[in-house]
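> Take this sequence and fold it.
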Amino acid sequence: MRGILLLVLIGVVAVGAYNYGAGRDLFDLPGAPAGTIKDTVGGAVRETVRGTVRHTGAAIEERAAARVHTAINRTEEAVAAAALTSKIKAKMALDDLVKAADIDVDTDGGVVTLTGDVGSVEEWRRALRIARETAGVTRVEDRLRVR
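As a prediction, the model looks like this:
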């Protein structure tokens with residue numbers, strides 16, 4: 001596209017330079033009225049520009065669609081992780097042994113990380129068990145400390 005536009009531009013400049021040197025109208029071709037060359041060049045330039053705009057528009061549309069798709073995937077992953085975290089925190093809050101307020105639950109995909117302090121070995125075991133038994137959890141990383 002750019003090559004065609006460059007050739008047209010070079011041709012127009014060459015004809016203009018020839019005519020200027022001969023003392024004629026810039027777009028006057030021997031045996032043709034000046035309006036004919038103007039219309040021909042104008043049409044060629046318009047078609048080249050239209051083609052370039054169509055091509056550029058399609059490329060922009062493709063990039064935008066890819067970015068939207070990526071954003072949707074990231075949003076879905078974030079919502080799934082938040083839902084999994086919420087399930088685990090709710091189970092811990094309902095448990096008599098585990099003090100959910102002292103335990104931080106982070107989720108990345110199906111990997112859950114438990115961080116914080118627990119009061120006993122029994123509470124530690126129970127917190128890990130609750131996390132492991134929650135649907136959607138593939139692995140639990142234990143960063144709990146027994147006080």
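
> Now stretch 137-147: buried residues?
Judged by neighbour count using 16 or more other Cβ atoms under 10 Å, the buried positions of stretch 137-147 are 137, 140, 144. For glycine as for every other residue, the C-beta is placed from the backbone atoms N, C-alpha and C.

> List the contacts of it.
84, 88, 103, 109-121, 123-124, 127-128, 131-132 (Cβ atoms under 8 Å, 6 or more residues apart in numbering).

> how about it as CSV, C-alpha atoms only?
Listed next in CSV are the C-alpha coordinates belonging to stretch 137-147 (Å, rounded to 0.1, in the frame of the first residue of the first chain):
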residue,chain,number,x,y,z
VAL,A,137,-8.7,-26.3,45.7
THR,A,138,-5.8,-28.1,44.0
ARG,A,139,-3.1,-27.3,46.6
VAL,A,140,-2.8,-25.6,49.9
GLU,A,141,0.4,-23.7,50.9
ASP,A,142,0.8,-23.6,54.7
ARG,A,143,2.3,-20.4,56.1
LEU,A,144,0.4,-20.7,59.4
ARG,A,145,2.3,-20.3,62.7
VAL,A,146,1.3,-22.0,65.9
ARG,A,147,1.6,-19.6,68.8
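
> Just the closest of the buried residues of stretch 137-147 to residue 96, please.
residue 144 (17.8 Å; Cβ to Cβ).

> in this structure, which helix or strand is least confident?
Every helix and strand in the chain was compared by mean pLDDT, DSSP states H and E; the lowest is helix 2-22, with a mean of 72.

> out of the contacts of stretch 137-147, which are inside strands?
103, 111-118 (DSSP state E).

> Appreciated, that's everything.
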